[in-house]
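*Asks:* Let me see the structure of the following:
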Amino acid sequence: MQAGGRPGDLWPDHVNHSVPDLVRARDRMIALGFVVTPRSDQLAPDAGGKLVRTGMANHCVMLGSGYIELSGAILDDTPAVRGLQDTLARYVGVHLLALGTPDPAFQAERLPQAGFAPATLMNYQRMVEAADGSEQLARFTLAFAPRELVPEARLLTVRHETPELLWQNRWLGHPNGVTGLQEVVYAAADLPASAERLARYVGVEPQPGTIGMALPLARGRLSVLPAGQAAALFAPLPEAPCTAGYVLGTGDVATLASFLSDRNIALSGQGAGWLAVAGGEALGSHIYFAEPGAKLPWH
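*Replies:* Numbering: from 1, shown residues only. As a prediction, the model looks like this:
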């Protein structure tokens, strides 16, 4: 579930995979041992204030902390779908990170003080299947960062106004034992510039890692790696800057490795307390899984 805390607190709330085929992306997540929510069609107000379909839909993987979103097109030609097509022309994978916050307005207002243009504050809604089978509106308050601020990915802060509609118990028990979203990793074309800019956005001091820089949050962290070293750990990657992948928590990597082996899922990396899989053509972006306290290669 989402955390409370001080107005300035931030944590990884969710990552969004932009995908060319929602069904294939959903099936890949199921193969990896996740419970996936039913398809949810995205809505937005038209000029008259009426909620209309954007042409986009999603599936989600709800975790004990945070979640993973898969977004794709269900209509042929809308502004949102054209935007997705432009995104996919660059690469399939994670193009958006949402940082959870108790107060999106606070985050929007502090950006000018950190040397950025103000964030755009907006309300967002989408249909969700409730526990009783009815369709209900999930509501969010978002603050989008200016696009030029973070070339590594679309960045926003979010507060969930109806968290009970998203974090339903039936969607939280994953056969693979994954518990939460811990970390998002960026590949930087200019490491000092990316780390400095992101550090000002989240309001923390960057810390050196074995590779690159770490930005510790109220819960979890962001990591920024040099493009060449990121490619060695997360290949294949598009030209930096981009989102390389993310880290999910698990209580027992050995059990997870056996689970994936039984499903003929190949690992793309493995070490003490962690392993990784490639998203492949369906998902893009690597996924790392780590036990509490595990030292990942860039840590």
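*Asks:* which residues sit against stretch 264-276?
*Replies:* Residues outside stretch 264-276 that contact it (C-beta atoms under 8 Å, 6 or more residues apart in numbering) are 31-32, 233, 245, 253, 256-257, 260, 277-278, 286-291, 293-297. Every C-beta, even on glycine, is put in place using the N, C-alpha and C of the backbone.
*Asks:* Sitting in strands, which of those do you find?
*Replies:* In strands, judged by DSSP state E, the following of those are found: 245, 277, 286-290.
*Asks:* Out of these, the closest to Ser18 would be?
*Replies:* Looking at the ones in strands among the contacts of stretch 264-276 and their distance to Ser18, the nearest is Gly245, at 14.1 Å (C-beta to C-beta).
*Asks:* Just confirm the closest one contacts His286, I think it does.
*Replies:* Yes: with the criterion set as C-beta atoms under 8 Å, Gly245 and His286 qualify as a contacting pair; they are 3.7 Å apart.
*Asks:* Give me the common contacts of these two.
*Replies:* Counting by C-beta under 8 Å, 6+ apart, the shared contacts of Gly245 and His286 are 234, 276, 279.
*Asks:* Counting neighbours, which of these comes out on top?
*Replies:* By neighbour count, taken as other C-beta atoms under 10 Å, the most surrounded of the shared contacts of Gly245 and His286 turns out to be Phe234 (26 neighbours).
*Asks:* what sits against it?
*Replies:* Per C-beta under 8 Å, 6+ apart, neighbours of Phe234: 185, 187, 244-245, 285-286.
*Asks:* ok, it to Val92 distance?
*Replies:* Per C-beta to C-beta, to the nearest Å, Phe234 is found 14 Å from Val92.
*Asks:* again with Met122
*Replies:* Summarising the geometry, the distance separating Met122 from Val92, computed by C-beta to C-beta, is 26 Å.
*Asks:* what's the closest non-adjacent residue to Arg263?
*Replies:* Among residues not flanking Arg263 along the chain, Ala31 sits closest, at 6.0 Å (C-beta to C-beta, 6 or more residues apart in numbering).
*Asks:* tally of neighbours for Asp190?
*Replies:* The burial count assigned to Asp190 is 14, neighbours taken as other C-beta under 10 Å.
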